[in-house]
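> Here's a sequence, model it:
(chains A and B)
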Protein chains: 2
Amino acid sequence: MELVVGADLLGEAQRVSAAVDRLFEDALADRCDGRDRLCRAMRHAAIGGGKRLRPLLTVAAGRLFAMDEDRSVRAGAAVEAIHVYSLIHDDLPCMDDDDLRRGKPTVHKAFDEATAVLAGDCLHALAFEILADVDTHEDPFVRAELVLELSRASGIDGMAGGQMMDLTAEGAALDLGAITRLQSLKTGALIEFAVEAAAIMARLPAEARLPLKGYARNVGLAFQIADDLLDLGGDEGKAGKRLHKDEKAGKATFVSLMGEQRARAQANLLVEQAIEHLHDHGREADLLRAIARYSVERDR
Amino acid sequence: MELVVGADLLGEAQRVSAAVDRLFEDALADRCDGRDRLCRAMRHAAIGGGKRLRPLLTVAAGRLFAMDEDRSVRAGAAVEAIHVYSLIHDDLPCMDDDDLRRGKPTVHKAFDEATAVLAGDCLHALAFEILADVDTHEDPFVRAELVLELSRASGIDGMAGGQMMDLTAEGAALDLGAITRLQSLKTGALIEFAVEAAAIMARLPAEARLPLKGYARNVGLAFQIADDLLDLGGDEGKAGKRLHKDEKAGKATFVSLMGEQRARAQANLLVEQAIEHLHDHGREADLLRAIARYSVERDR
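Here you go, the predicted model:
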């Protein structure tokens, strides 16, 4: 495995994050009527917070194809809007009942439950509005494929289906295979789409996308194992959300099943495999490599 | 105004409803894992109930262009999936807190709140998955326009924004202008899209769509006034949902502001205007005319 000196991950992440913020700011200017509260709730959740991992992945994957960053930021922002809506709904009292997210009160705490449901629904719609406007004048079929794949990655056969499996699993004795399946839906599908979106926009044939899909699958799982490790031993101040939740809920996680040491080793192995999928690429894949390493080295 | 003898509205409605059911059945086969409960909740809400007004409108508008009904049913089913998801979320305890819908317990009553939130989210995603697969091989730009317009009609500048205005308005003294604005977002935007979808698929230029938009706006408002009248004097058994809610909540409606008689006259006038927008069309617009009349003559 070739180990490349990391790209300027922090700088790139800040730049992409600011671009995503600007895009959301434009979409969420105040409506000056009964909807002003809704606009504020959407901004509260969507702007100025989060690691922006998903848009960063889209931008990083776009680098492989020398893609105009306006395009990859826009597609990545659509994925981020889906991610943010899912956080709002997952935090609701009837779901995970969380009161802290990205270092701020969750939307139903800062506003109210009805506003939180609607803010999530509006960000869900906004994701497709943003995506339908991606610049793909070279090939309009690209937009339909983006919409089809994002709806699949976020619906019953992706993120929302995984969240349902997670809720159903509480108290059940899941094995590693079941946890892997659950997480590949709950967090993996959207992370995979974030990477694949760049390949779709670059009109890469399905077969040529396989290494990128492999990279994304490995990073998604590594990221989830790191999340489980942080839930166990992380810093709530840095994380900006409540930790030790899995433990308290008695939920099976990668860490509870494998133990901390094996889980950490497995996460590192996944990162190596992710980077190995990029072996045909040179420096243009450095950002993807840096993100893979960051996925397990992060402290929040 | 030409008064055309009604098309076989009941027969057409039953046929379209069955086609939408089949499309949803195919999409919602059981997943045989932790998501089986989610599939059942989605089917509970989406299949075998409702007037199917929106897909019927898409099919009826498609008649003007001799459109293959598979295409208009599919686009209409996408609109219906959005409508059904909004009913599930609007019925939640934190929103309108309803326990009866389409003659059955609401999803959070038959299942639980978490499942209801996720079933709504999955139907929301399914709407775009269905729409991204509409047959538009003649012009792929059509799909992007459908996605863009549906996301706008359902998000903060459409249905969900209107629901937020409605929640905010409780107890406030709205005037007729404000109620009209609220309803044009909450129910009008999606009804307009249901009609416009056919025009988009037929690649009608924007200007040529104006009469159809006018028809849809009039029918949407007439439908809403009829809803207010039914809320006041309808039969809960037929309606399949709780009535007299506006009255109890002290909410301003078309009927509370205009009185029953003027409201009924206004609804009839809107139907005449809707039909007038179709004056360039012959028998191929009969189904649209029948739907306009039905929108105020219905007893549920």
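> Low-confidence regions, the stretch 1-150 of chain A specifically.
Where the stretch 1-150 of chain A drops to pLDDT under 70, the residues are A:1-7, A:137-138.
> Give the buried residues for stretch A:96-116.
A:96, A:98, A:100-102, A:106-111, A:113-116 (16 or more other Cβ atoms under 10 Å in any protein chain shown). Every residue, glycine included, has its C-beta placed from N, CA and C.
> starting at the chain centroid, how far to that stretch?
Centroid displacement of stretch A:96-116 relative to its chain, using Cα atoms, centre = their mean, to the nearest Å, is 19 Å.
> same thing with stretch A:233-252?
On the basis of Cα atoms, centre = their mean, stretch A:233-252 sits 18 Å off its chain's mean C-alpha point.
> is that stretch up against chain B anywhere?
No: Stretch A:233-252 stays clear of chain B (Cβ under 8 Å from any Cβ of the partner chain), getting no nearer than 12.5 Å.
> Go through that stretch and flag the buried ones.
A:Gly234, A:Ala239, A:Gly240, A:Lys241, A:Arg242, A:Leu243, A:Asp246, A:Lys251, A:Ala252.
> Quick check: closest non-adjacent residue to the third one.
In space, not counting the residues next to it along the chain, A:Gly240 is nearest to A:Gly103; the distance is 3.4 Å by Cβ to Cβ, 6 or more residues apart in numbering or on different chains.
> Would you agree the one you found is in contact with A:Glu236?
No: applying Cβ atoms under 8 Å, one finds A:Gly103 not in contact with A:Glu236, separated by 9.6 Å.
> Can you tell me which of the buried residues of stretch A:96-116 is nearest chain B?
Using Cβ to the nearest Cβ, A:Glu113 is the member of those that sits closest to chain B, with 3.5 Å.
> For the closest one, list the residues it contacts.
By Cβ atoms under 8 Å, 6 or more residues apart in numbering or on different chains, the residues touching A:Glu113 are A:Leu92, A:Pro93, B:Leu92, B:Cys94.
> one more time with 6 Å
A:Glu113 makes contacts with B:Cys94, as judged by Cβ atoms under 6 Å, 6 or more residues apart in numbering or on different chains.
> Name the residues of the stretch 101-250 of chain A found near chain B, please.
With Cβ under 6 Å from any Cβ of the partner chain as the criterion, the stretch 101-250 of chain A meets chain B at residues A:113-114, A:117-118, A:121-122, A:124-126, A:128-129, A:132, A:140-141, A:143-144, A:147-148, A:151, A:154-156, A:160-161, A:164-165, A:167-169.
> Now restrict the residues you listed to buried residues only.
Buried among these (16+ other Cβ under 10 Å): A:113-114, A:117-118, A:121-122, A:124-126, A:128-129, A:132, A:140, A:143-144, A:147-148, A:151, A:154-156, A:160-161, A:164-165, A:167-169.
> ok, longest helix in chain A?
helix A:210-233 (DSSP state H).
> any idea how far the residue lying closest to A:His244 once chain neighbours are set aside is from A:His89?
Excluding the flanking residues, the one nearest A:His244 by Cβ to Cβ, 6+ apart is A:Asp231, at 6.5 Å. Applying Cβ to Cβ, to the nearest Å, the value for A:Asp231 to A:His89 is 20 Å.
> A:Lys104 now?
From A:Lys104 to A:His89 the distance is 16 Å (Cβ to Cβ).
> Helix or strand for the closest residue to A:Asp175 other than its chain neighbours, just tell me which one.
Counting by Cβ to Cβ, 6+ apart, A:Asp175 lies nearest to A:Leu257, which is 7.2 Å off, once chain neighbours are set aside. Using DSSP states H and E, A:Leu257 maps to helix A:254-258.
> Give the other helices and strands that that helix contacts.
Packing partners of helix A:254-258 (3 or more Cβ pairs under 6 Å, 6 or more residues apart in numbering or on different chains; DSSP states H and E): helix A:210-233.
> which residues does the spatially closest residue to A:Arg31 that is not a sequence neighbour contact?
When the adjacent residues along the chain are set aside, A:Arg31 lies closest to A:Cys39, with 5.4 Å between them (Cβ to Cβ, 6+ apart). Taking Cβ under 6 Å, 6+ apart, we find A:Cys39 in contact with A:Leu28, A:Asp30, A:Arg31.
> On the C-terminal side of the helix or strand harbouring A:Leu10, identify the next helix or strand.
A:Leu10 belongs to helix A:9-27 when elements are defined using DSSP H and E. Using DSSP H and E, the helix or strand that follows helix A:9-27 in sequence is helix A:36-46.
> For that next one, what is the distance to the chain centroid?
Going by Cα atoms, centre = their mean, where helix A:36-46 is centred and where its chain is centred differ by 20 Å.
> That one vs helix A:9-27, what angle?
170 degrees (axes from the mean of the first three to the mean of the last three Cα atoms, to 10 degrees).
> Tell me where the stretch 51-200 of chain A has helices.
Shown for the stretch 51-200 of chain A, the helices assigned by DSSP state H, counting those that start in this stretch span residues A:53-63, A:69-90, A:107-110, A:113-131, A:141-154, A:159-169, A:176-183, A:189-201.
> I'd like to check the angle between the fourth one and helix A:69-90, please.
Counting by the same axes, to 10 degrees, helix A:113-131 lies at 160 degrees to helix A:69-90.
> what do you get for the first one?
Computed by the same axes, to 10 degrees, the angle separating helix A:53-63 from helix A:69-90 equals 160 degrees.
> quick one on the thing from earlier: so which of the contacts of A:Cys39 wins on neighbours?
A:Leu28 (22 neighbours; other Cβ atoms under 10 Å in any protein chain shown).
> my read: it touches A:Ala45, true?
No: the pair A:Leu28 / A:Ala45 is not scored as a contact, 10.1 Å apart, by Cβ atoms under 6 Å.
> Name all residues that make contact with the spatially most central residue of chain A.
The centre of chain A sits closest to A:Arg54, judged by Cα atoms, centre = their mean, with a distance of 4.4 Å. Residues near A:Arg54 by Cβ under 6 Å, 6+ apart: A:Gly76, A:Val79, A:Glu80, A:His83, A:Ala194.
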